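> With the sequence up front, the predicted model follows.
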Amino acid sequence: MQLKESKASGRIYELEKETERAETGKQSIELKLAKLNQERKNLSVEMNRMNPELLKLKDSINKRSSYIAELEKRINEIVDRIYKDSGPSAEQGAEVKAVTGQSAYEICKWKEDIREWKLKSDGCEQEAEEWKEKASNARTNISKLVRLTSSGLNGSLLQDKHKEKHDTEFKQKFDALVSEIERAARNLKALDRYESPRKKERAVSEEFDLARKDEKEVADKHNAVKQRRE
């Protein structure tokens, strides 16, 4: 009889200890859930604050992309007009076409780079530096184009005012294009900064779900212990 009572007492003691451990685990999970829930709320508030800015930024990028396309069209028109009015020799015409083609290729390459940057924003700073180098190379090619065109101008275009008007207009349009592209690069880099909280929010949500799963397992274990005691 005493042996049975001793075994029963030992079993009760083990169940009580197991219950205490389950309670401690449950409390720990509840604290973790509360902390994660608060962090998720804070992130939601931050994202709600950033969303209008993000939409504004995307709208600005889209507008600038359209503006770049318009500038490209205008530059091509200016090049065509200069070439038409200049009447260069066959050799000079070939050189002008080669330089113009290179410049058009670089502009198309910039537009393609912009689309790629919208899909991935990593490495923006390095790519921005590469863009500056491309812009510098393009400036050199455009200057060469202007010199070649000017050398073949007929008597009427050799007048200083007429020549200066063509050169100035062309340079202004091209500089505006480069400026808009560089500004778009900086904005795309800022876009990456706005995406970081979204990644953190997803990570917190996943951790929150795992914690809820742990809580359920602890609660089930706790209930099982209580049933066994009863």
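That came through, no problem.
> what about Arg21, how many neighbours?
A total of 14 residues lie near Arg21 under the criterion other Cβ atoms under 10 Å. No exception for glycine: its C-beta is placed from N, CA and C like everyone else's.
> same check, this time on the one 3 residues further on
With neighbours defined by other Cβ under 10 Å, the count for Thr24 comes to 11.
> In which helix or strand does it reside?
helix 2-86 (DSSP states H and E).
> what mean pLDDT does that helix have?
In this model, helix 2-86 has a mean pLDDT of 69.
> quick thing: my sequence starts at 292, can you match it?
Taking 292 as the first residue, the last one we looked at is helix 293-377.
> Distance check, Pro343 against Glu361.
27 Å (Cβ to Cβ, to the nearest Å).
> cool, and Arg331?
Separation of Arg331 from Glu361 (Cβ to Cβ): 44 Å.
> One more: Leu306?
In terms of Cβ to Cβ, Leu306 sits 79 Å off from Glu361.
> Those two: which has the busier surroundings?
Set Leu306 next to Glu361 and count neighbours by other Cβ under 10 Å: Leu306 wins out with 14 against 11.
> Around Thr310, how many other residues sit close by?
16.
> Could you report the neighbour count for Glu368?
11.
> Ala360 too?
Going by other Cβ under 10 Å, the residues that sit close to Ala360 add up to 12.
> Could you do Lys317 as well?
16.
> how much space between it and Ser356?
From Lys317 over to Ser356 the distance is 55 Å, taken as Cβ to Cβ.
> just Ile303 next, same as before
Distance from Ile303 to Ser356, by Cβ to Cβ: 75 Å.
> With Arg331 instead?
35 Å.
> ditto for Lys323
With Cβ to Cβ as the criterion, Lys323 and Ser356 are 45 Å apart.
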